[in-house]
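Chemist: Okay, predicted coordinates and the sequence, questions at the end:
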Amino acid sequence: MKSEALDSNDDSLDKTTTTDPAQAKDTDSEHLQDEEMQSADAVSKDADDDADASDEEVNFSIVFEDDDAEAETPAGDDSAASKKKELPKAKQSAADTQGKAPLAHAQSNDLSEDSLHVVSQKINKRIRHLRKTRFEQYPILAFNKVTYTLRHERYDLLNKVDWSFYNSRVQSVLIRSDDERRAVVALGSGMRTPNHGTITFHGKDIQEMEPNEFRRHNIGVLFEHFNLRSELTASENIVLTMDVSGRNFLKPMPVLAAELLNQVHFPDDQFDTPIGQLSLLNQRKAQLARALSCDASIILADEPTQGLNDDDTETMLEVLRYLADKKSKCLIIVTADEDLAAQTDSTIYVDD
């Protein structure tokens, strides 16, 4: 096809360069005009021929891949024929490979995604475990070199004590002196300030926190003597505490109060009974539920089983253990009862 294009170009060049002798005698201007027109025609024709040649070359490449092109191959050219015969097989093999590849690739992706999902789950589980372990090993409340002295006393009630309290544990502080016990409760709840040293909540000095922030939002206190209103029910006492806290709650307060009472295993049939008519155990449970109403992470209990018989004491301890194990609360029992302290996870002994 290229040779034909060249021949065509030669013919066009011959035609454009050949002139009639009679026309040679014309004027010079006419001769120049004819040459210019003929040159323009030749250039246009060459461009058309080049375009045709390009089209033919493209068509040639397409014909070469066609199976019918074998008929145009010379008989003596065995190598060319064999290549053309092998071409459809190669195409078929490529097609098969292309057809099977997506399936294999999809299966491989499915396996890879499943494997990655399993590995990801294991990694996330391990990370959560490590975080929980580190969080539990880091004290939520700590006394750091704390010294406390009453104004009218000449000796220190607490002298450079270092105590640590943790989430998900029931710990006790065994103290025989009433003054020392009250001092620990007052210091731990943020109602008193140590003379020396610091008391930290999650590593932050509670004295540097906003006023009442620690007491109202992070710790609940069970005092030795009841401070519930006896004419109100357990739920009404809890709602009253929520109302004066100034906090915003996502649920209605009576609904939250009922949930808190259920957490401490308060009997359902006593919900409408005034506090003054409840048993001592249920009064303690109601007091505990109220201490939880601020979503406290720490429960500081001053003699929580005082006045209870053995069975009720065991029941109260079961409730405290439930809050530590299932709700990840930090339970601190301040007591002079050695038997009670022996049933906790760990005990801090305060010498007289």
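Modeler: Cool, the structure landed. Numbers count the residues shown, from 1 in each chain.

Chemist: and the residue nearest to Ser230 when sequence neighbours are not counted, helix, strand or coil?
Modeler: Spatially, and ignoring its direct neighbours in sequence, Ser230 is nearest to Gly276 (3.4 Å; CB to CB, 6 or more residues apart in numbering). Yep, even glycine has a C-beta here, placed from its N, CA and C like the rest. At Gly276 the chain is in helix, as set by DSSP: H, G, I helix; E, B strand; the rest coil.

Chemist: Roughly how far does Gly276 sit from Ser235?
Modeler: Using CB to CB, to the nearest Å, Gly276 is found at 15 Å from Ser235.

Chemist: Also Cys294?
Modeler: From Cys294 over to Ser235 (counting by CB to CB), the distance is 16 Å.

Chemist: Which one of those two is surrounded by more residues?
Modeler: Taking neighbours as other CB atoms under 10 Å, Cys294 and Ser235 compare with Ser235 leading, 22 against 17.

Chemist: Secondary structure element holding that one?
Modeler: helix 234-245 (DSSP states H and E).

Chemist: Now do that helix: which elements does it pack against?
Modeler: helix 253-263, helix 280-291 (3 or more CB pairs under 8 Å, 6 or more residues apart in numbering; DSSP states H and E).

Chemist: Tell me which of those helices lies nearest to Val334.
Modeler: Closest to Val334 of the helices and strands packed on helix 234-245, according to CB to CB: helix 280-291, at 13.8 Å.

Chemist: angle of the following helix or strand past that closest one against helix 280-291?
Modeler: Next along the chain after helix 280-291, taking DSSP H and E as the criterion, comes strand 298-302. Angle between the axes of strand 298-302 and helix 280-291 is 140 degrees (criterion: axes from the mean of the first three to the mean of the last three CA atoms, to 10 degrees).

Chemist: and the next element down the chain from strand 298-302?
Modeler: Following strand 298-302 in sequence, per DSSP H and E, is helix 310-327.

Chemist: which strands and helices sit next to that following helix?
Modeler: Counting contacts by 3+ CB pairs under 8 Å, 6+ apart, helix 310-327 packs against strand 169-174, helix 253-263, helix 280-291, strand 298-302, strand 330-335.

Chemist: and for that helix, what are the contacting residues?
Modeler: 168-170, 263-265, 280-281, 284-285, 288, 292, 299, 301, 304-305, 308, 329-331, 333, 340, 343, 345 (CB atoms under 8 Å, 6 or more residues apart in numbering).

Chemist: how about the helices in this protein?
Modeler: 2-17, 21-24, 28-65, 78-137, 178-188, 213-217, 234-245, 253-263, 280-291, 310-327, 338-342 (DSSP state H).

Chemist: can you tell me the average pLDDT over the first one?
Modeler: Per-residue pLDDT over helix 2-17 has a mean of 42.

Chemist: go on, the second one?
Modeler: Mean per-residue pLDDT for helix 21-24: 44.

Chemist: picking up where we left off before, most packed of the helices and strands packed on helix 310-327?
Modeler: Most buried of these by mean neighbour count (mean count of other CB atoms under 10 Å) is strand 330-335; its value is a mean of 25.

Chemist: domain ranges for the protein?
Modeler: 2-65, 167-193+209-349 (automatic domain parsing).

Chemist: With distance to Tyr148 as extra columns, can I get these in TSV?
Modeler: Below are those laid out as TSV (distance: least, CB to CB, whole Å):
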stretch	distance to Tyr148
domain 2-65	96
domain 167-193+209-349	5
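
Chemist: Comparing those, which stretch has the densest surroundings?
Modeler: When those are scored by mean count of other CB under 10 Å, the highest mean neighbour count falls to domain 167-193+209-349 (a mean of 17).

Chemist: Look up the closest residue to Tyr349, ignoring the ones flanking it.
Modeler: Leu174 (5.2 Å).

Chemist: thought that neighbour was touching Ile332?
Modeler: No - if you go by CB atoms under 8 Å, Leu174 and Ile332 don't touch, sitting 11.9 Å apart.

Chemist: related to what we said a few turns ago, between the helices and strands packed on helix 310-327, which one is closest to Thr198.
Modeler: Closest to Thr198 of the helices and strands packed on helix 310-327, according to CB to CB: strand 298-302, at 16.4 Å.
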